[in-house]
Structure formats: structure tokens, C-alpha cells
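S.K.: What would the 3D arrangement of this be:
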Amino acid sequence: MIIRGQHRLCLDQLGHSTDPVVRFAVVLNDLNHDEWEAALQDTNLDLYMARLAQILCLLGRGGSTQAARLLAALPADRIPVVPVRMTIKALVWSGRGAKTRGLLQEYLRARPEDRWAQRLQAEYGRVGRASAAERASTERRLAEQGFPFPAPAEGRAYDPLPDRVLYSVYNSLPFHSAGYATRTHGLLTALNRDGWRVDAVSRIGYPFDLRPFADHGPVQAVDQIGDVTYRRLTTERTVERRHPLDAFIGRYATALRAQAEAERPFLLHAASNHLNGLAVVTTARQLGLPSVYELRGLWEVTRASRDQEWATGEEYRYLARMELDAAHHATRVITITEALKAEMVRRGVDGDKIGVVPNGVDTERFLPRARDRALAEQLGVADKVVIGYVGSLVDYEGLELLVEAAGVLSGVRRDFAVLVVGDGVERERLQTLTANAGLGDVVRFLGRVAHEEVERYYSIMDICPLPRLPLPVTEMVSPLKPFEAMAMAKVVVASDVAALAEVVEDGVNGMLHKKGDAGSLAAVLRVLLDDAELRARVSSQARAWVVQHRRWEVLARRMTALYEEIGGVRQAPVG
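M.R.: Below is the predicted model:
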């Protein structure tokens with residue numbers, strides 16, 4: 001059970017539960033912590049049941065440490081093992097396994113023979129309470145004093161090659177293929193064809209420090225994928241502790257410096273997050289080289305968008321300071337939206353050194369194509385206008401608004417269908433919401449499809465909504481999805497959050513609706529359903545706009561201008 005403040009529809013349903021503990025947990029979720037004790041005094045529940053509701057709410061809010069303290073006061077046979085286990089799993093999969101120590105200790109009191117929990121305790125339990133306190137102290141020190149970068153070298157450590165760049169990434173092909181890896185491969189392919197020699201370098205510990213690859217065997221030191229060379233700083237399974245941070249960055253910088261001395265780049269370029277940014281700036285200063293920090297998003301903002309309470313804490317301030325330090329000390333900064341640039345300027349980075357290189361698309365792969373009639377027949381939408389979403393099913397995408405809009409439209413017409421392609425943590429909730437609204441014959445959830453099948457599904461879609469909710473992360477960060485849909489000549493209907501309003505010119509290369517407003521979304525969809533000529537014109541203009549402005553080759557030219565300004569000299573472009 002996970003309770004988060006922004007999941008209003010889910011909370012409304014839970015509030016009607018016949019379980020008094022669940023109902024009281026919903027009540028607590030709407031209160032501040034300082035109001036909880038009064039609520040606990042007013043409830044008719046006995047002390048155990050009231051504390052259980054408090055524990056459930058804390059687990060949902062991400063307050064694992066506070067929840068563990070309350071669990072410690074319960075007898076072993078009264079510990080709610082299912083939600084505790086679910087929370088531990090969520091923390092591990094999100095890369096925050098160290099936060100599970102207290103919960104693991106209490107869970108194992110109730111389930112001492114659970115081998116899964118024993119393995120996790122062996123992995124994360126090595127760091128005790130004193131170390132956790134030391135970590136908090138280190139984070140507090142870094143947040144207050146900033147990251148301790150070395151003084152810049154007086155001269156260069158080697159004679160650099162003027163066309164050579166090392167580009168540090170958090171994840172990459174072939175292990176990951178989502179938007180982050182797609183941007184890396186698209187940009188580096190275009191840069192290498194434009195006369196540069198840019199190799200991607202994955203951070204130390206990757207991919208073994210991510211759960212799906214924890215037991216992966218050795219990886220190659222070099223992967224050649226198309227025109228891009230991917231270099232691995234870690235090839236054997238190992239455990240890279242990220243705390244204390246300055247020690248981790250020291251090890252990362254040592255490995256990156258050895259790679260740089262072998263390859264002799266004139267520039268070190270880092271893509272989000274701050275782990276890469278701090279390591280690259282550190283290494284560049286040691287070697288007497290310029291550095292670029294490319295902000296593709298702010299991970300603390302993403303988490304804060306889901307957990308507003310966390311945004312008031314010390315960990316948020318620490319992560320925000322590390323991102324600021326990486327950007328402030330880099331020679332140049334790149335952001336993927338103007339809104340993200342504005343945020344970094346607000347935090348204190350010199351706006352004159354920030355350039356914008358937005359997300360893009362491979363327009364040779366994503367091409368307009370004839371409707372796949374066999375697939376349309378198979379899905380029962382051959383005679384329908386298809387409203388289709390392709391992407392992850394996560395809370396901030398606002399897909400509950402799409403379900404609500406479909407309900408409004410289905411009350412007066414049956415000439416359309418909604419197809420949702422993808423998977424994610426919100427799928428079950430959205431399917432339940434759809435079923436409860438009686439829309440199972442209108443809104444279909446198709447699940448994840450093979451990467452090479454995506455264009456086939458796009459071919460049967462006419463309108464592609466992106467109803468992102470008005471949250472800090474969606475205001476600042478633009479996904480790749482709108483560009484893929486536009487490249488395939490689909491009508492994108494986007495909420496008017498800042499990052500999407502930068503992309504979509506209403507009525508020209510797409511349509512905008514009022515963010516967070518299902519009625520506004522329904523109204524825009526109704527106009528498009530009624531006007532085939534409008535759909536044809538906007539979709540054609542969308543394709544033309546993407547080809548002109550958002551091809552990776554076009555965006556790579558912005559990077560080329562930056563590299564040349566810093567002092568790089570490219571070779572003759574390929575082809």
C-alpha cells in the first residue's frame with residue numbers, strides 16, 4: 001500500500017474503504033506531522049490500530065526511518081509484513097536500498113527465516129547506525145560548504161587532440177534503451193558524423209550497481225554500437241559505495257583521469273546527474289581541461305514532485321547543492337529546456353554560460369507510414385479515430401486525465417478508441433479507474449511492446465496526448481515522446497506545462513490543453529475528432545517542424561558550436 005498526496009483519485013477510493021485503519025491512514029495523509037498526535041487522540045481506534053494507520057501513511061510518504069521507529073514498538077506478530085516488504089522492494093529498486101536498514105531489521109523480527117530479507121540485510125546492513133549518522137553529517141557538510149573541488153592545474157597534463165571528447169553518462173546502450181540512452185546515442189552519432197570523435201564513458205560501478213544487473217557477469221571494456229563507442233570504467237561485478245560522496249567522486253575521477261590520459265580529449269563532457277558532473281569537473285580541473293555539464297533533468301526535483309514533504313528536508317538541499325556545484329564549476333552548461341535553464345539561473349548559475357540543446361528524434365527511423373490494417377483489425381479499431389499514448393505509465397504523466405476525458409467523450413460519441421502502450425507503476429491503478437468508470441471497451445491497455453514494434457503501433461494512431469500534470473519536474477523537463485509522434489506525423493495534444501509549451505505551438509505543430517484539466521483535454525480532443533482536415537494539417541506541419549528543428553543532426557550543430565567556442569577543432573564531416 002502506497003499513499004501519496006498527489007494521487008487524489010486513489011486516495012478518494014481508499015477513503016471509502018470499509019477498513020477503518022485504511023480510512024484513518026487517508027485522514028493522516030491529508031494532515032501535517034504536527035497535526036497527527038491530535039488526530040490520534042481523537043480517533044476511536046485503539047492504540048495499535050491507530051499506530052498501524054500512522055505506519056502505513058509513513059510508508060506511503062517515504063518516511064521509512066520514522067516508520068521503522070514505530071514498528072520497533074510493536075510485537076513481532078503485529079508487524080504489517082506485506083506493506084513493509086513492498087516498501088523495502090520499492091526502495092531497493094529505486095536505488096535507495098541503504099534506507100531499508102531499519103525496515104529490514106523490523107521485518108526480520110516478524111519473518112526471521114526470510115532469505116530474501118537476509119540477503120538484503122547482508123548487502124545493506126554492513127553500514128551501521130554510526131555510519132548512517134556519518135553519512136547524514138557528510139551530506140550536511142557538503143550542503144553547507146559545497147563540494148571540495150581541487151584547485152585547477154596550472155597547465156595541461158598532456159597535449160590534447162582537438163577533435164576528441166569523452167562524454168560521461170549515467171546509463172547507456174546496450175543495457176538501457178529508454179530516453180536517456182536514446183538521447184546519448186542520437187547526439188553522439190550525429191557529432192561523430194560531423195567530424196568529432198566523441199566516446200561515451202559510463203560511470204564507475206555501472207551497470208552492476210543497478211538491480212537488474214547485480215548478478216551480471218563481466219562486461220566488455222568497449223562496446224561499438226553503430227557510430228558510437230561506449231567505454232566502461234567498470235567491467236567486473238563490484239559494489240561501489242556512493243557514500244561518502246567525496247570518496248566516491250575521488251575514485252570515479254581517478255578512473256576517468258586514466259581514461260583521459262589514454263585518449264587525450266580536449267574536453268570532458270558530463271550528462272546528468274551530479275555524480276557525473278562532479279567527477280568530470282574534478283578530473284578536468286586536475287588535467288587542466290575545460291568541462292561541460294549537461295543537465296537533462298534534476299533528480300531531486302523529480303522526487304520532490306512525488307513527495308513534497310521530502311523537498312523540505314536535508315537530503316533535498318544536499319542534492320540541489322551538488323547539482324548547483326557541478327554546474328557552477330563547469331566551464332559551460334547545457335540544459336534540455338529553457339525552463340530548466342531558468343531554474344539553474346535562479347539557483348545561481350551564470351545564465352551567459354548556459355546553452356540549450358533540447359531533445360530530438362531520429363527522423364529516418366520515425367517516418368510517416370501507412371496504417372497497419374492488420375494490427376488495427378486485431379485490436380478492433382479499424383473504423384475508429386485512435387487516440388494513442390506510448391510511454392511509461394507513471395504518476396506525473398497525467399493519464400488519469402485521459403481516462404476522464406475519454407469518459408466525457410464516450411457519453412456522446414463512439415467513433416474513437418484510446419490505446420495505451422507501455423507499462424509502469426500506475427498501470428494497475430489506471431486500469432481499475434477505467435473499469436470503475438465503465439470504459440473498458442473504450443480505453444485499452446496494451447502493455448509493453450518490443451522496441452522495434454513501436455512504429456507499427458504509432459501507425460494506427462491519429463492523436464497522441466501528453467496530459468502531463470503541473471508539477472516541477474514536468475514544467476522543467478521535456479520527454480522524447482512528442483518528437484517521435486510528430487516525426488510520424490501524429491497530432492500531439494500536450495498539456496501547457498512550460499517544457500511542452502516550448503515545443504508545441506498551439507494549432508500549428510500540435511495542440512495544447514490547460515494543464516491538470518480533463519475538461520480542457522476533452523474539448524481539444526473533441527475538436528480534433530470532428531475535424532479530419534485539421535488533423536491532417538497539424539500532423540503534416542508537425543513532421544515538417546521536427547525535421548527542421550529536432551533532428552539529432554540539427555541539435556548536434558549546437559553542440560558543435562559550443563565545442564568550437566571552447567577550443568575544439570573537428571575533422572572533415574563523414575559523408
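S.K.: can you map out the strands along the stretch 451-575 of the chain?
M.R.: 463-466, 491-495, 511-513 (DSSP state E, counting those that start in this stretch).
S.K.: chain center to the longest one: distance?
M.R.: The gap between where strand 491-495 is centred and where its chain is centred comes out at 20 Å by Cα atoms, centre = their mean, to the nearest Å.
S.K.: One more: stretch 147-156?
M.R.: Taking mean C-alpha positions (Cα atoms, centre = their mean), stretch 147-156 and its chain are 32 Å apart.
S.K.: again, but for stretch 478-496
M.R.: 18 Å.
S.K.: ok, now stretch 245-255?
M.R.: Worked out by Cα atoms, centre = their mean, stretch 245-255 lies 24 Å from the chain centre.
S.K.: got a list of contacts for that stretch?
M.R.: For stretch 245-255, the external contacting residues (Cβ atoms under 8 Å, 6 or more residues apart in numbering) are 138-139, 142, 147-148, 203-204, 233-234, 240-242, 275, 278-279, 282-283, 286, 322. Every residue, glycine included, has its C-beta placed from N, CA and C.
S.K.: same thing but 7 Å
M.R.: By Cβ atoms under 7 Å, 6 or more residues apart in numbering, the residues outside stretch 245-255 that reach it are 138, 142, 148, 203-204, 233, 240-242, 278-279, 282-283, 286.
S.K.: before we move on, what about stretch 108-118?
M.R.: For stretch 108-118, the external contacting residues (Cβ under 7 Å, 6+ apart) are 76, 77, 79, 81, 104, 107, 121.
S.K.: mind putting the strands of the stretch 451-575 of the chain in TSV, mean pLDDT included?
M.R.: TSV is the format used below for the strands of the stretch 451-575 of the chain (pLDDT from 0 to 100):
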stretch	mean pLDDT
strand 463-466	98
strand 491-495	98
strand 511-513	98
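S.K.: got these as a markdown table, with distance to residue 59 columns?
M.R.: Below are the strands of the stretch 451-575 of the chain laid out as a markdown table (distance: least, Cβ to Cβ, whole Å):
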| stretch | distance to residue 59 |
| --- | --- |
| strand 463-466 | 31 |
| strand 491-495 | 30 |
| strand 511-513 | 35 |
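S.K.: for these, which one sits closest to residue 183?
M.R.: With Cβ to Cβ, the closest approach to residue 183 among the strands of the stretch 451-575 of the chain belongs to strand 463-466: 17.3 Å.
S.K.: Dump that closest one to PDB, restricted to CA.
M.R.: Extracted in PDB, the C-alpha atoms of strand 463-466 (Å, rounded to 0.1, in the frame of the first residue of the first chain):
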ATOM      1  CA  ILE A 463      -3.900  11.700 -32.000                       C
ATOM      2  CA  CYS A 464      -1.200  11.400 -29.300                       C
ATOM      3  CA  PRO A 465      -2.000  13.000 -26.000                       C
ATOM      4  CA  LEU A 466       0.600  14.000 -23.400                       C
END
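S.K.: Show me just the buried residues among the contacts of stretch 245-255.
M.R.: Among those, the ones that count as buried by 16 or more other Cβ atoms under 10 Å are 138, 142, 203, 204, 233, 241, 242, 278, 279, 282, 283, 286.
S.K.: So which of those residues sit within helices?
M.R.: Among the buried ones among the contacts of stretch 245-255, DSSP state H puts 138, 142, 278, 279, 282, 283, 286 in helices.
S.K.: so what pLDDT did the fourth one get?
M.R.: Turning to residue 279, the model gives it a pLDDT of 98.
S.K.: quick one: contacts for it?
M.R.: By Cβ under 7 Å, 6+ apart, the neighbours of residue 279 are 168, 249, 252, 253, 256.
S.K.: Recalculate using a threshold of 10 Å.
M.R.: By Cβ atoms under 10 Å, 6 or more residues apart in numbering, residue 279 lies in contact with 168, 201, 203-204, 233, 248-257, 268, 270, 326.
S.K.: Just the buried ones from these?
M.R.: 168, 201, 203-204, 233, 248-249, 252-253, 255-257, 268, 270, 326.
S.K.: Run through the helices of the stretch 51-200 of the chain in chain order.
M.R.: Using DSSP state H, counting those that start in this stretch, the helices found in the stretch 51-200 of the chain span residues 64-72, 81-93, 101-110, 115-124, 129-145, 179-193.
S.K.: For these, give me TSV that also has mean pLDDT and distance to residue 152.
M.R.: Below are the helices of the stretch 51-200 of the chain laid out as TSV (pLDDT from 0 to 100; distance: least, Cβ to Cβ, whole Å):
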stretch	mean pLDDT	distance to residue 152
helix 64-72	80	40
helix 81-93	81	39
helix 101-110	85	39
helix 115-124	76	38
helix 129-145	79	19
helix 179-193	96	26
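S.K.: Just put these in CSV and tack on distance to residue 213.
M.R.: Shown next, in CSV, are those (distance: least, Cβ to Cβ, whole Å):
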stretch, distance to residue 213
helix 64-72, 24
helix 81-93, 13
helix 101-110, 22
helix 115-124, 15
helix 129-145, 24
helix 179-193, 14
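S.K.: Return the subset of the buried ones among the contacts of residue 279 lying in helices.
M.R.: Judged by DSSP H, these include 248, 249, 252, 253, 255, 256, 257, 326 as members of helices.
S.K.: Contacts only, for the last one.
M.R.: It stands for residue 326. 147, 149, 270, 272-282, 291, 293, 295, 333, 349.
S.K.: please redo it, this time with the cut-off set to 8 Å
M.R.: Shown in contact with residue 326 (Cβ under 8 Å, 6+ apart): 147, 270, 274, 277, 278, 280, 281, 293.
S.K.: and the two most separated of these?
M.R.: 147 and 270 (13.5 Å).
S.K.: now residue 207, what's its secondary structure?
M.R.: State at residue 207, reduced to three classes by DSSP: H, G, I helix; E, B strand; the rest coil: coil.
S.K.: Please list all residues in contact with it.
M.R.: By Cβ under 8 Å, 6+ apart, residue 207 lies in contact with 171, 175, 176, 213, 216, 219.
S.K.: Which among these count as buried?
M.R.: The buried subset of the contacts of residue 207 - by 16+ other Cβ under 10 Å - is 171, 175, 176, 219.
S.K.: Would you map the strands across the stretch 201-350 of the chain?
M.R.: Ranges of strands in the stretch 201-350 of the chain, per DSSP E, counting those that start in this stretch, are 222-225, 228-232, 265-271, 291-295, 332-335.
S.K.: Residue 19 is nearest to which of the ones you listed?
M.R.: strand 291-295 (44.1 Å).
S.K.: now could you export just the CA positions of the closest one as PDB?
M.R.: Taking Å, rounded to 0.1, in the frame of the first residue of the first chain, the C-alpha atoms of strand 291-295 are listed here in PDB:
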ATOM      1  CA  SER A 291      34.400  20.800 -18.900                       C
ATOM      2  CA  VAL A 292      30.700  20.800 -19.900                       C
ATOM      3  CA  TYR A 293      27.900  19.700 -17.600                       C
ATOM      4  CA  GLU A 294      24.700  18.700 -19.500                       C
ATOM      5  CA  LEU A 295      21.600  18.900 -17.300                       C
END
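S.K.: Output the contacting helices and strands for that strand.
M.R.: strand 265-271, helix 274-287, helix 314-329, strand 332-335 (3 or more Cβ pairs under 8 Å, 6 or more residues apart in numbering; DSSP states H and E).
S.K.: Which residues does the last one contact?
M.R.: Defining contact as Cβ under 8 Å, 6+ apart, one finds that strand 332-335 is touched by 290-295, 327, 341, 344, 349, 353-357, 559, 562, 566.
S.K.: Go through the contacts of stretch 245-255 and name the one nearest residue 451.
M.R.: For the contacts of stretch 245-255, the residue nearest residue 451 by Cβ to Cβ is residue 203; the value is 23.8 Å.
S.K.: hang on, that closest one packs against residue 277?
M.R.: No. Residue 203 lies out of contact with residue 277 (Cβ atoms under 8 Å); the separation is 10.8 Å.
S.K.: and the next element down the chain from the helix-or-strand element of the chain with minimal mean pLDDT?
M.R.: Ranking every helix and strand in the chain by mean pLDDT, DSSP states H and E puts helix 8-15 at the bottom, with a mean of 43. Moving toward the C-terminus from helix 8-15, the next helix or strand (DSSP states H and E) is helix 20-29.
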